[in-house]
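Participant: just a sequence and a predicted model for now, questions to come.
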Amino acid sequence: MKNFKLVVIFALFAFSVSAQDLAMTTVNNYGTYTSIEEKEEIVPLLNETKYTYKYKGENVVVVFSENKHVEYFNEGKYFIKSDISWVSEDECYMTLQESNLPNFPFKKGIKLKMKITKIKRGYIFYESTLGGRTWEGRMRKLY
């Protein structure tokens, strides 16, 4: 009798845990499960826009598209290309994919974190972190 009660308690506990997992999912028309707690779509502040900043006295053009980031140096002769993953509307991670910039010290796959701190008079102010170093910068929007 004691063992029977133990089995019943264990079974009820097991079913209640599974029920909670099932309650957190819904079945769509295609027979797959979708979480009810899906995150809302992120609309990044920098999407389909071009900016510029100065580097060693030269203009650098920065292009943001849906999930890509490209910086063009020396009037387009050199570039840095990255994939962007937005974690909020003002914060993203850029993963380096390709670069032909001479003496560029970073390798494919390194991640840079960028946080937009302010937008004012056509300028984007940001804070970037890469390899344990953090710095602040600004870019001017190209119209």
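Facilitator: Arrived safely.
Participant: where do the strands sit along this structure?
Facilitator: 25-27, 33-35, 49-55, 58-64, 68-73, 78-88, 91-99, 111-120, 123-130, 133-141 (DSSP state E).
Participant: which positions in stretch 122-139 come out as buried?
Facilitator: Across stretch 122-139, burial judged by 16 or more other C-beta atoms under 10 Å covers Ile124, Tyr126, Met139. C-beta coordinates here come from the backbone N, C-alpha and C atoms, glycine included.
Participant: can you list those in TSV and add distance to Thr49 and pLDDT?
Facilitator: As requested, those are exported to TSV (distance: C-beta to C-beta, whole Å; pLDDT from 0 to 100):
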residue	distance to Thr49	pLDDT
Ile124	9	93
Tyr126	13	95
Met139	10	95
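Participant: and of the residues you listed, the nearest to Glu98?
Facilitator: Using C-beta to C-beta, Met139 comes nearest to Glu98 of the buried residues of stretch 122-139, at 20.9 Å.
Participant: re earlier: looking at the strands of the chain, which is nearest to Val43?
Facilitator: Nearest of these to Val43, taken as C-beta to C-beta: strand 78-88 at 8.6 Å.
Participant: list the helices and strands that closest one packs on?
Facilitator: strand 68-73, strand 91-99 (3 or more C-beta pairs under 8 Å, 6 or more residues apart in numbering; DSSP states H and E).
Participant: turn these into a markdown table, including mean neighbour count and mean pLDDT.
Facilitator: As requested, the helices and strands packed on strand 78-88 are arranged in a markdown table below (neighbours: other C-beta atoms under 10 Å; pLDDT from 0 to 100):
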| stretch | mean neighbour count | mean pLDDT |
| --- | --- | --- |
| strand 68-73 | 18 | 96 |
| strand 91-99 | 17 | 96 |
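Participant: tabulate these (a markdown table), appending distance to Lys107.
Facilitator: Shown next, in a markdown table, are these (distance: least, C-beta to C-beta, whole Å):
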| stretch | distance to Lys107 |
| --- | --- |
| strand 68-73 | 16 |
| strand 91-99 | 7 |
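Participant: alright, I will stop here.
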